[in-house]
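K.L.:
Starting from these lines, generate the structure:
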Amino acid sequence: MDQNHSDELLGNGDQNSLEELRRFLFKESCRLKNQESALDDQWQKLEKERSELKEEIDKAGKKLQEQRAEFEHDRSFFDQKMQILKDGYDKLSMDRKNLELEKKRIIQERMMLQEDIANADIRLKEQSAGLMNVLFRGADTSLSLKKRYKDLMKIFHPDNMNGDDELVQWLNIEYSKLKQEMDDAMGDEASQK
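P.N.:
All right, here's what the predicted structure looks like:
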């Protein structure tokens, strides 16, 4: 029944009409209570879903914050590792440059030392040649050369207190050279006769 029909029944005022109106109002009241109860149930269900959704959103938000914090921590850790690697690479690069410079310096020093050694060898040979000339001066025959060699060996032999290996080697070289020169000179004199 609608509003117009209920107004009509009130206006007529008979007993049947009023009874019908009461039944209608009772049914309408029951329907509205059922509808209100259904709406309350839906409201409670929606409230429950809303609170569950809010809890899920809160959980998701917390989880997202934790993931962001973990991500930031990981990124910070990664940045630290990258910085360590970069610093290590820079240090290796500097060490490589320093090593190259050191290598060049050592090569230059080696070349200078080799030049110094070569110059020292030349000076030593010149000095030893001068010394040998002094030690073997006056030995102009094969016999006097041999006697001088033996006398020098007695003095400078390494088994003696004042012995010197290097000087003995020089004496041997010079003796061999002078002996060869004398032998060659005697061979030339013999062939000229």
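K.L.:
can you tell me the helix or strand for Ser93?
P.N.:
Using DSSP states H and E, Ser93 falls within helix 15-135.
K.L.:
what number of residues lie near Ile117?
P.N.:
Counted by other CB atoms under 10 Å, the residues lying close to Ile117 total 11. C-beta: built from backbone N, CA, C; applies to glycine.
K.L.:
which residues of the chain score low on pLDDT?
P.N.:
For the chain, applying pLDDT under 70 flags the ranges 1-13, 128, 190, 193.
K.L.:
and the gap between the residue sitting furthest away from the middle of it and Asn172?
P.N.:
Within the chain, the residue lying farthest from the chain centre (CA atoms, centre = their mean) is Asp14, at 107.0 Å. Noted for Asp14: a distance of 165 Å to Asn172, by CB to CB, to the nearest Å.
K.L.:
Ile117 too?
P.N.:
Ile117 sits 23 Å away from Asn172, going by CB to CB.
K.L.:
Kindly report the same for Glu126.
P.N.:
According to CB to CB, Glu126 and Asn172 sit 19 Å apart.
K.L.:
now do Gln80
P.N.:
Distance of Gln80 to Asn172, computed by CB to CB: 72 Å.
K.L.:
same deal with Met82?
P.N.:
Distance from Met82 to Asn172, by CB to CB: 70 Å.
K.L.:
right, and Pro158 touches Asp165 too?
P.N.:
Yes - under the criterion of CB atoms under 8 Å, Pro158 makes contact with Asp165 at 5.1 Å.
K.L.:
Give me the helices and strands touching the helix or strand that Glu166 is a member of, please.
P.N.:
Per DSSP H and E: Glu166 is located in helix 165-192. Under the contact definition 3 or more CB pairs under 8 Å, 6 or more residues apart in numbering; DSSP states H and E, helix 165-192 sits against helix 15-135, helix 142-156.
K.L.:
Can you add distance to Ala185 and give those helices back as CSV?
P.N.:
Converted to CSV, the helices and strands packed on helix 165-192 look like this (distance: least, CB to CB, whole Å):
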stretch, distance to Ala185
helix 15-135, 17
helix 142-156, 10
